[in-house]
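Asker: no FASTA, just this:
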């Protein structure tokens, strides 16, 4: 429990046996009540390693996509009565020690969604980050700021915390199947902003792991269309 709130940390993971144990071990258990690893149909020892490190593991029968895995994790969190969910990467590129930075604006200032930003003062980023992602992580906030009507420095960073009661709003429709991929997190950010929920950014650290052990599952063009699509479709009113 943190500031009187029950906290769950959710890490979707696909074939991350070399990194998921570090993610679980680095998560501060005096802050987070439960670390949930959503195993997205891994064919390696991801579930076994996560469980051995102390995580609760939700194993999906096949690869369903990071958005669908995250949806399952959020459904679990709401069903189990947690107040706030922290979302973090399963490949150890976030710094779980910074989770209180995400939680404090919710617990103390009434925010509903807090997104970590590597680009704010005090933020840090680096590691083996693909060039196309360096470019896209700058362009995406620029575009979404103009469509959502709010200046944003970070829109694709999955390291964030959300007050779970927001998901009961019927305007937030995470169940849509077109959000099964990377677009779900972008959708969630966009919808909460335009629906009037309180959102803020805090500085965070994002260090990509070495390519030799796998630094990203996202594929150029396909993955980035997945992230761009919610901004365009929601902005034009084609989807809701």
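Answerer: Alright, I've got the coordinates. The structure displayed is predicted, hence computed values, not measured ones.
Asker: in which helix or strand would I find residue 35?
Answerer: Per DSSP states H and E, residue 35 falls inside strand 34-39.
Asker: partners of that strand in the sheet?
Answerer: Strand 34-39 has these partner strands in its sheet, going by DSSP bridges: strand 7-13 (parallel), strand 56-59 (parallel).
Asker: packed most tightly, which of those strands would that be?
Answerer: Mean neighbours per residue, mean count of other C-beta atoms under 10 Å, is largest over the strands paired with strand 34-39 for strand 7-13, with a mean of 28. C-beta coordinates here come from the backbone N, C-alpha and C atoms, glycine included.
Asker: out of the strands paired with strand 34-39, the one nearest residue 111 is which?
Answerer: Judged by C-beta to C-beta, the one of the strands paired with strand 34-39 that comes nearest to residue 111 is strand 7-13, at 14.6 Å.
Asker: now the helix or strand that that closest one is followed by: buried residues?
Answerer: For strand 7-13, the succeeding helix or strand toward the C-terminus, using DSSP H and E, is helix 20-26. Under the neighbour-count criterion of 16 or more other C-beta atoms under 10 Å, helix 20-26 has 20-24, 26 buried.
Asker: so what does the residue nearest the centre of the chain have for phi and psi?
Answerer: Central residue of the chain (C-alpha atoms, centre = their mean): residue 158, 2.9 Å from the mean position. When read as degrees, to the nearest 10, the backbone of residue 158 gives phi -80, psi -10.
Asker: hang on, it packs against residue 89?
Answerer: Yes. Using C-beta atoms under 8 Å, residue 158 is in contact with residue 89, at 5.8 Å.
Asker: ok, now which ones touch residue 69?
Answerer: Applying C-beta atoms under 8 Å, 6 or more residues apart in numbering, we find residue 69 in contact with 12, 14, 38, 40, 60.
Asker: who's in contact with the fourth one?
Answerer: It stands for residue 40. Applying C-beta under 8 Å, 6+ apart, we find residue 40 in contact with 12-14, 60, 63-66, 68-69.
Asker: among the residues you listed, which lie within helices?
Answerer: Per DSSP state H, helices hold the following members of those: 66, 68-69.
Asker: one step back: look up how far residue 186 lies from the residue nearest to the centre of the chain.
Answerer: With the distance defined as C-beta to C-beta, to the nearest Å, residue 158 ends up 10 Å from residue 186.
Asker: over to residue 20?
Answerer: 24 Å.
Asker: got it, and residue 211?
Answerer: 25 Å.
Asker: who has more neighbours out of the two?
Answerer: residue 186 (23 against 12; other C-beta atoms under 10 Å).
Asker: can you check the pLDDT for the more buried one?
Answerer: Residue 186 carries a pLDDT value of 97.
Asker: all set now, cheers.
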